[in-house]
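> just coords:
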């Protein structure tokens, strides 16, 4: 059985590295990360149970102590404690529902993969895992190349199932993301693969694998390249071209710094005399430069230096639009991503200052940020977006796990970097690959600094140190297994229990998958106002996974809408009797949601809408709607949209003066909020204060833009 378990372990790692970057499912609520995380959980369950089965087979504990034991233990404990004291323990366990990655269960999964790797695999297995990684990256890169040319394979699987880019709202031709979901995520993944391929190129040359004995004279090039070297150069060039198509600045910077780290460590180790062995890298980098010259790099200075611009410079100048002088309107325009990040980073630091020891809770940034959201966020183009990450992995860790979590995270990073440099320079059997993997690891840190980790990057973050450790091992001769002996009853029982555990856990994942699928379909039906059909799917989602507050939240609003629609159409007592079950169901699921996640701003917003809808049936429910929006305003004191809705509900409740105060607070937070200015004008008009009403309407017309409704109301005054 040992051979069987070893086989399952190896192939589970191969397939995990190959499939995770590729898998996505259009029927999920989140197309990319949910599928990748579910596959990671499924693979981890198989790997861990195979590992345990191997221990049963060999009747001994199989566990390798490593240089990362203490940092990993500290990192895990910090996450456990942060989850215990979390603003939302459910989210801390599973991750934010549109991200899923980096919850406590995900962290445990990655750590389990690390120890399963170093305890059961050997050096040659690492090379095979890397090879499978190249295979997956090749498909991703070709996918991206096709997207850049207007043909997204993804759209063939997403209705209306056309082989073009029409299924995406994003301009995927300008910034590709293939099967990764976002250009920066794809770039972070490709950085890892490119740097690993560069390491293999140098390793191949340095170990004299290009000897006459190893060459195929029919395929060798005049440059002396072995066929495998030529393939590696082609692959790395393909990966780099896909990276450029992502237009990711963090990806290019990460690759540049990672490559620099690799080359510096190589020269420190071997000296200038061995520069000749970098010839294949120089060839690959030359190809990279040609690609950059043809396409351009996503950096302000270098982007202008490309073949297209050089050939059509005159035409580009002639076609440059002329700017008009300011017309007096407030125009935020499209905010630069760097400016938005600075604002979010400021908020993340404030979250840490409020929760300095253990943070707000693993993956609870979406709940904690809005309490400390800078007012400056109201003056960027993404002012009403929900930010569930700090867009800086380090600040995200600091805000959500506090100083303890941050120190553990930094120790994990520092110990591996120190070990890799020390071991690579002094004792490593395969220092070149260790240096390349360290460069890949550094690239992860760079891309994480300007963004955040995703599933495949998280897997590599934990496995790269394991790869490095196994590569430094001396290749052990294959030892003969002891003669096969009959399995005893205890072993059979243990294997049976493990088999049942695997089936149970995998069925649980399938159950979660089906629940997410039903939820996604129901939410989409709600989006097209097919509320009756949506109700069935949302009920199914809640039945399959009743502990997920995202499902009960959506179902509560769906039931409130159905109650309102039935009330509008009801003409008989029998029809009116159908309303009450929906009202009670809406209230029940809203209560369950809030009890489960009392600090979630989106859930309080939904609760506000639920009772606002129900107030059309029973007016007294407006007070509960007011209570909910008041709580939302406490959770998001600088969110103008929340305060605007507070003003509307106060007005609906007959509290006119308080409504005006809420609208005044709204425009103080966001001076260009047209709806708040208009609401103020309407309420001032109602109170007979025509001068103030005119002031608000003139502000709309003079500073925000042409507005027929404002003009009409102004005429009435």
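The structure has been received and is ready for your questions. Everything numeric in this text was worked out from a predicted model, so none of it was measured.
> ok, residue 508 to residue 290 distance?
Distance check for residue 508 against residue 290: by Cβ to Cβ, to the nearest Å, it reads 50 Å. Every residue, glycine included, has its C-beta placed from N, CA and C.
> for residue 250, that is, sorry about that
23 Å.
> these two: which is more packed in?
When neighbours are counted by other Cβ atoms under 10 Å, residue 250 comes out ahead of the other of residue 250 and residue 290, with 22 against 12.
> how close does the more buried one get to residue 535?
When distances are taken as Cβ to Cβ, residue 250 and residue 535 turn out to be 43 Å apart.
> contact partners for the most centrally placed residue in the chain?
Central residue of the chain (Cα atoms, centre = their mean): residue 454, 4.5 Å from the mean position. Listed by Cβ atoms under 8 Å, 6 or more residues apart in numbering, the contact set of residue 454 reads 33, 36, 101, 180, 181, 182, 185, 188.
> just the ones of the residues you listed in helices?
Secondary structure from DSSP state H places 33, 36, 185, 188 of those in helices.
> most neighbours among those residues, which one is it?
When neighbours are counted as other Cβ under 10 Å, the busiest of these turns out to be residue 188, with 31 neighbours.
> the residue lying closest to that one once chain neighbours are set aside: neighbouring residues, count only.
When the adjacent residues along the chain are set aside, residue 188 lies closest to residue 447, with 3.8 Å between them (Cβ to Cβ, 6 or more residues apart in numbering). Per other Cβ under 10 Å, the neighbour tally for residue 447 reads 31.
> wait, residue 397 sits on residue 405?
Yes - the criterion here is Cβ atoms under 8 Å, and residue 397 meets it with residue 405 at 5.6 Å.
> which neighbours do the two have in common?
Taking Cβ under 8 Å, 6+ apart as the criterion, residue 397 and residue 405 both touch residue 359.
> the two: who's more crowded?
More neighbours surround residue 397 than the other of residue 397 and residue 405, with 29 against 24 (other Cβ under 10 Å).
> in three-state terms, label that one for me.
Following DSSP: H, G, I helix; E, B strand; the rest coil, residue 397 is assigned to helix.
> tell me where the model's unsure across the chain.
When residues are selected by pLDDT under 70, those of the chain lie in 204-225, 273, 276-277, 293, 295-328, 475-486.
> which parts of it belong to which domain?
2-64+97-307+408-471, 639-717 (automatic domain parsing).
> reformat the ones you listed as a markdown table; add distance to residue 545.
Formatted as a markdown table, the domains of the chain follow (distance: least, Cβ to Cβ, whole Å):
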| stretch | distance to residue 545 |
| --- | --- |
| domain 2-64+97-307+408-471 | 11 |
| domain 639-717 | 29 |
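> report the longest helix in the chain, please.
Using DSSP H, we find that the single longest helix of the chain is helix 489-527.
> may I ask you to confirm that residue 667 is in contact with residue 679?
No - shown here, residue 667 and residue 679 do not form a contact pair, counting by Cβ under 8 Å, at 9.5 Å.
> can you count the residues close to residue 506?
Residue 506, neighbours per other Cβ under 10 Å, totals 15.
> OK, contacts around it?
Counting by Cβ under 8 Å, 6+ apart, the residues that residue 506 touches are 42, 45.
> change it to 10 Å
By Cβ atoms under 10 Å, 6 or more residues apart in numbering, the contact list for residue 506 reads 41, 42, 45, 46, 49.
> can you flag which of those belong to strands?
Taking DSSP state E as the definition of strands, the contacts of residue 506 contribute nothing to them.
> buried ones among these?
The neighbour-count criterion (16 or more other Cβ atoms under 10 Å) marks 41, 42, 45, 46, 49 among these as buried.
> okay if I get these as JSON lines plus distance to residue 460?
Conversion of the buried ones among the contacts of residue 506 to JSON lines gives the following (distance: Cβ to Cβ, whole Å):
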{"residue": "41", "distance to residue 460": "17"}
{"residue": "42", "distance to residue 460": "18"}
{"residue": "45", "distance to residue 460": "20"}
{"residue": "46", "distance to residue 460": "19"}
{"residue": "49", "distance to residue 460": "23"}
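> what is the nearest of those to residue 140?
Within the buried ones among the contacts of residue 506, the smallest distance to residue 140 is 20.4 Å, found for residue 42 (Cβ to Cβ).
> quick one: the closest one from residue 514, how far?
Between residue 42 and residue 514 the computed distance is 14 Å (Cβ to Cβ).
> count the residues that sit near residue 654.
For residue 654, the neighbour count with other Cβ under 10 Å is 9.
> could you identify the helix or strand that succeeds the one helix or strand residue 424 maps to?
Assigned by DSSP states H and E, residue 424 falls within helix 393-426. For helix 393-426, the succeeding helix or strand toward the C-terminus, using DSSP H and E, is helix 431-449.
> so for the helix or strand that that next one is followed by, what gets flagged as buried?
Next along the chain after helix 431-449, taking DSSP H and E as the criterion, comes helix 455-471. Within helix 455-471, the residues that count as buried by 16+ other Cβ under 10 Å are 455-471.
> do the same with stretch 2-13
Residues of stretch 2-13 classed as buried under the neighbour-count rule (16+ other Cβ under 10 Å) are 5, 6, 8, 9, 10, 12, 13.
> with stretch 178-197 instead?
Of the residues in stretch 178-197, those with enough neighbours to count as buried (16+ other Cβ under 10 Å) are 178-197.
> now do it: distance to the chain's middle.
Taking Cα atoms, centre = their mean, to the nearest Å, one finds stretch 178-197 lying 13 Å from the centre of the chain it belongs to.
> quick one on the thing from earlier: now the ones in helices among the contacts of residue 454 in TSV, with distance to residue 112?
As requested, the ones in helices among the contacts of residue 454 are arranged in TSV below (distance: Cβ to Cβ, whole Å):
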residue	distance to residue 112
33	19
36	17
185	23
188	23
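> looking at those, spot the one nearest residue 123.
Taking Cβ to Cβ as the measure, residue 123 sits nearest to residue 188 out of the ones in helices among the contacts of residue 454, at 26.2 Å.
> contact partners for the closest one?
For residue 188, the set of contacting residues under the criterion of Cβ under 10 Å, 6+ apart consists of 180, 182, 243, 246, 248, 250-251, 254-255, 443-444, 446-448, 450-454, 456-457, 460.
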